[in-house]
Every structure is written in C-alpha cells, then in structure tokens.
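K.L.:
Fold the following for me, if possible:
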Amino acid sequence: MDNEAPTFVNQEEKEFTSFYKRSLFWIKIRPIAKRVGIAALIVFDVVMLSVATYRFIDYAVFDFFKDRAMIGSIVEGVSHFHAVSEARAAAGLKSSDAEVFTLDDGRADFYAELTNPNLDWEASFSYSFTYGETTTPEIKGFILPGEKAKPLAALAIKTGSTPTSAKLSISNLVWTRVNHHAIQNYATWASDRLNFEFTDLAFERNIEVSGTTIGRTSFTVTNASAFSFWSPTFTIVLMRNQKVVGVTATTLNEFAAGETRSVEVNWFGDVPQANETLIVPNIDIFDPAVYMPLHGEAQPDVRERIIKKR
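P.N.:
As a prediction, the model looks like this:
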C-alpha cells in the first residue's frame, strides 16, 4: 500500500505540471500572436493598397492613352466605312428637259431622257409629266445600270389644250444593286440579252391609207441573243438634225431567240420631218418574267426501248 500512493500522486502532479506549462505558454504567446496577426493584416492591406494604386496609375498614365488610341482607331474605321459606303452609294439620276409633241386631235406625246450614271445600280420608279396645273397618269419605269439617254414617254395623252412645256417628275424610286456573285461582268451579261440587230430602217411621211396621209417607220429586227422574250417593247424616236421631233413605241409578241421579224409602225396626225430614227429596246432584263421558258423536244427514255426489246 505504501508503494501505490506515491505513484498516484506523481501521475496527478505530472498532468498538472503539463497543463500548467501549456497554459503558461499560451499566456506568453497570445500577445505575440496578436501582434503577428495585426502585422499580417497590415501587410495584406498595404499590398492590396499598393496593387490598387499601381493599377490606377497604370490606367491613368498608360492605359488611358491606349484606350484613347483604340477609340480613335475605331472612330477612324467607322469614318472610313462611312466614306466607302457613301462612295459606293448610288448617285442621282439625270434627266433632260421634257418636251411636248402636240397631235392634231387634242392629244399630245410627252418625252424626256433619263441617264443612270451608276454602273452597279438599277433603278425602278414611277414617272409622270406635269403641264400647267395638270399631271399625266403615273407610268412605271426602270433604268438599267449605266444606261444613257433612256427614252421616257407618255403617249397620246388627252390634254384638251395645247401645252407648250412640261416637267418630268420621278417618284417611288427604288435602287437595286447588281449582284456580282451571280453576275461577274454586267456589261457582257447585258449585251448577251439585249443583242438585237436592226436592218432595213426606213421612214416615210406621205403614205395614203383610206384617204388619210400618215407616216410610217419600218424596220427588220433580229433577236440575235439566246433568250426569247414574251412581249419586248421598243421605243422609236424620230430626230431631225439631232433634235427629237417625235416618239412612239411598239411591242412584239413572243419574240423568240434567233427570230427575224419585219415591223411597221404608223404615225398619225401631223407627221414630223425627220432624217434619223432611233430604236431603243425597253426590256427589264433583271425581271425573270420577261423571258420565255426554253423549249426542247422530248427524247424517248432509253429504258423504255430496252423494255420493249425484251
């Protein structure tokens, strides 16, 4: 019994001594840990403040000017794009002064010429002629890219008076750009479709028909293109000493590719004197509806012949 008591006391003292040492160590180290933690927070705050200050100075001194240069390049690019867009935009149509050709039955023909300076743009529009307080009915028209001196006419308009001057009015103007992905060379593409040959062109002023004297323009036209047209229209312009003195139009029905046709157009009323005749096709070659479909002979199916032989 004498040996067990000291052992128990010694073990308890050892545990108390260990607890005491730990408590004493924590009491000593706590102020140091506190100071170390505060120092760490101060260092962290200083580092973060230094980084923020550096980023602010870097932007204010260096990146600011880079951003200004970038914005300037963007604005310059937009300005260049705007300049290119304006340069490639369609320019306005140019028209001649309107002319009036008085007929002998209270009617008149109105005429003007229109020029499209744009090689990449077709225009569709409505046009009319104004004389005094009156305006002729609107007519739908078009002008092909680069087309010069295209005749615009309003024929046999009942005026009730004798107008001496008129003014051309264009409205509902719509521009359509040539699709160069589908049409690489417009000039060649257009000439392939407007390939008409005119021969035997003649104009007579004194032809007697049932006691009435009329004028007559006659010519032969060949459709030398590979395209057939449903109702191609041709404008006929009479000129005397390079001045327009009369205008009319004629429409051919189903003008096939390779076909040659003789055409006669009569002029009634006061037939003008002319020493030159112009014939101008008036066909919107961009409109698929003007073309007749291609026709070919149906060939017998080879498979049918083989089946019959069997």
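K.L.:
Dig out what residue 250 forms beta bridges with.
P.N.:
On the basis of DSSP bridges, residue 250 is bridged to residue 234.
K.L.:
State the pLDDT value of it.
P.N.:
Predicted confidence (pLDDT) for residue 250: 97.
K.L.:
Please tell me how far it sits from residue 158.
P.N.:
21 Å (Cβ to Cβ, to the nearest Å). The way it works is simple: take the backbone N, C-alpha and C, and place the C-beta from them, glycine included.
K.L.:
So between these two, which is more surrounded?
P.N.:
A direct count of neighbours by other Cβ atoms under 10 Å for residue 250 and residue 158 places residue 250 higher, at 17 against 10.
K.L.:
so what's that one up against?
P.N.:
Shown in contact with residue 250 (Cβ atoms under 8 Å, 6 or more residues apart in numbering): 233-234, 236, 263, 265.
K.L.:
Output those in TSV; the columns should cover distance to residue 219.
P.N.:
Formatted as TSV, the contacts of residue 250 follow (distance: Cβ to Cβ, whole Å):
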residue	distance to residue 219
233	15
234	9
236	9
263	6
265	9
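K.L.:
of the residues you listed, buried ones?
P.N.:
234, 236, 263, 265 (16 or more other Cβ atoms under 10 Å).
K.L.:
element containing the third one?
P.N.:
In this structure, residue 263 is located in strand 260-267 according to DSSP states H and E.
K.L.:
So for that strand, what gets flagged as buried?
P.N.:
Buried residues in strand 260-267, counted by 16+ other Cβ under 10 Å: 263, 265, 267.
K.L.:
strands paired with that strand, and their directions?
P.N.:
strand 212-223 (antiparallel).
K.L.:
Packing partners of the host helix or strand of residue 23?
P.N.:
Using DSSP H and E, residue 23 sits within helix 4-58. In this structure, helix 4-58 packs against no helix or strand, with contacts taken as 3 or more Cβ pairs under 8 Å, 6 or more residues apart in numbering; DSSP states H and E.
K.L.:
all helices in the stretch 51-200 of the chain, in order from the N-terminus.
P.N.:
All helices of the stretch 51-200 of the chain, identified by DSSP state H, counting those that start in this stretch, fall at 64-88, 186-193.
K.L.:
Now the weakest link among these, please, by mean pLDDT.
P.N.:
helix 64-88 (a mean of 63).
K.L.:
all helices in the stretch 201-310 of the chain, in order from the N-terminus.
P.N.:
Secondary structure of the stretch 201-310 of the chain by DSSP H, counting those that start in this stretch: the helices cover 302-309.
K.L.:
distance of residue 183 from residue 145?
P.N.:
10 Å.
K.L.:
and these two? which has more neighbours close in?
P.N.:
Counting neighbours by other Cβ under 10 Å for residue 183 and for residue 145 shows that residue 145 has the greater number, 21 against 15.
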